[in-house]
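Let's see this in three dimensions:
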Amino acid sequence: MKLKIVSDTSSNLFELEEKSEQVEYASVPFTINLDGRDYKDTPLLNMEKYAKAMSECQEKSSTACPSPEEWIKACGDANNIIMVTISSSLSGSYNSALSARTMMLEDHPGKRIEIIDTLTAGPEVTLIVRKIQRLAEKYDDLDTIIEKTKAYMKTTHVLFALTSFNNFIRNGRMPKVAGMMATKFKLTGIGIGSEEGTIDVKGVVRGNKKVLNALIEDIKNRKENCKSIIIAHFKNEELANKLKEMINELWQDIEVTVMQNLALCSYYAEEGGVLVGF
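So this is what the prediction gives:
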């Protein structure tokens, strides 16, 4: 069975990490608006200019999810499709994908289209896409792939460390006073993804050593049966690689990947932010 995975860019992927004869992949972009200018999360986006625009943004900023038409275009003429979205608690991308599926099935009722609301974002979505691909290469049945993917999602987590809270404040995801105080005193927020698909800030720490210890402690407490960890950063390769080194020293059987955030995850992580999926 040939399968096409289509994900919004919360997955941090423009293409599959490993080439496959069985699985195709396409991404649909979020759009980030900074000071009235749109930045589309595609391979054509100049991330250096985008980062500069984020740091200089003075007015309200926002994000827009992919339209149903963008989902439809990305799905193309594939007959077996799994659409993967950021948490429906964080964005309208899931609802947009639902609309796209309805429109496609009206014209092509023979297609099989499944939608997965990941209830997360960033590197945890990357892990889910990776899992779907590997399942598709092993099983020739879409129901089995979906069932096993959903079972896998119950075992995965996302963790983040943020050095700036500007975009959380602007989008109402953090109280203004708390965010400004954290930024002023150069604190790093440590947070997790909730079971409901929201973002919960656990606390704040100061200094890279405490950041790394806090991340390791959370992984240690929740990593049951963990085989893979993805560390996604925005302009903080040093901290990401140090975290990878610490994980490798503690757990030699865990595969660790370091990657850079795409535009959407960079918007919320901001410069220096690190997201961990495991």
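
all helices of the stretch 151-278 of the chain, in order?
166-170, 176-184, 208-222, 237-250, 263-269 (DSSP state H, counting those that start in this stretch).

contact partners of the longest one?
Spelled out, it's helix 208-222. 157, 159, 161, 188, 190, 192, 202-203, 205, 226, 229, 239, 242-243, 246-247, 250, 274, 276, 278 (C-beta atoms under 8 Å, 6 or more residues apart in numbering). No exception for glycine: its C-beta is placed from N, CA and C like everyone else's.

Where does pLDDT dip in the stretch 1-150 of the chain?
By pLDDT under 70, the stretch 1-150 of the chain has no low-scoring segment.

picking that back up, now the contacts of helix 208-222: which count as buried?
Buried residues within these, defined by neighbour count using 16 or more other C-beta atoms under 10 Å: 157, 159, 161, 188, 190, 192, 205, 226, 229, 239, 242-243, 246-247, 274, 276, 278.

which stretches of this protein form strands?
In the chain, the strands defined using DSSP state E lie at 3-8, 23-28, 31-34, 37-40, 62-64, 80-85, 112-117, 158-162, 188-193, 199-205, 228-233, 255-260, 274-277.

Can you tell me which of the ones you listed is nearest to Glu137?
strand 23-28 (6.8 Å; C-beta to C-beta).

The closest one pairs with which strands, and in what direction?
Strand 23-28 has these partner strands in its sheet, going by DSSP bridges: strand 3-8 (parallel).

Lys227 versus Gln252, what's the distance?
To Lys227, Gln252 is 12 Å away according to C-beta to C-beta, to the nearest Å.

out of these two, which sits in the more crowded spot?
Lys227 (12 against 7; other C-beta atoms under 10 Å).

per-residue pLDDT, the more buried one?
pLDDT, the model's per-residue confidence, is 95 for Lys227.

list the contacts for it?
253-255.

Next, it: phi, psi?
phi -120, psi -20 (degrees, to the nearest 10).

Identify whichever of the strands of the chain lies nearest to Met103.
Here strand 112-117 is closest among the strands of the chain (C-beta to C-beta), at 10.4 Å.

From the contact counts, what lies against the closest one?
Applying 3 or more C-beta pairs under 8 Å, 6 or more residues apart in numbering; DSSP states H and E, we find strand 112-117 packed against strand 80-85, helix 93-107, helix 142-153.

could you give the angle of the shortest one to strand 23-28?
This points to strand 80-85. 40 degrees (axes from the mean of the first three to the mean of the last three C-alpha atoms, to 10 degrees).

how big is the angle separating strand 80-85 from helix 142-153?
When the same axes, to 10 degrees is applied, the directions of strand 80-85 and helix 142-153 differ by 20 degrees.

Check what contacts strand 80-85 and list those residues.
Contacts for strand 80-85 (C-beta under 8 Å, 6+ apart): 1-8, 10-11, 71, 75, 91, 93-94, 97, 100-101, 111-118, 125, 128-129, 132, 142, 145-146, 149.

again, 6 Å this time
Residues outside strand 80-85 that contact it (C-beta atoms under 6 Å, 6 or more residues apart in numbering) are 1, 3-8, 75, 93-94, 97, 112-117, 129, 132, 142.

Also the last one?
Under the criterion C-beta under 6 Å, 6+ apart, residues 80, 112, 114, 131-132, 135-136, 139 lie in contact with helix 142-153.

For those residues, which PyMOL command selects only the ones that are buried?
Selection of the buried residues among these in PyMOL, burial being defined by 16+ other C-beta under 10 Å:
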select buried, resi 80+114+131+132+135+136
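
now, the most widely separated pair of the contacts of helix 142-153?
So, the contacts of helix 142-153 by C-beta to C-beta: farthest apart are Arg112 and Lys131, at 18.8 Å.

quick one, what contacts the residue nearest to the spatial centre of the chain?
For the chain, the residue nearest the mean C-alpha position is Gly122 (1.6 Å; C-alpha atoms, centre = their mean). Gly122 sits next to 12, 232, 265, 275 when contact means C-beta under 6 Å, 6+ apart.

tally of neighbours for the closest residue to Asn248 other than its chain neighbours?
Leaving out its chain neighbours, the residue that sits closest to Asn248 by C-beta to C-beta, 6 or more residues apart in numbering is Val256, at 6.2 Å. Neighbours of Val256 under the rule other C-beta under 10 Å: 19.
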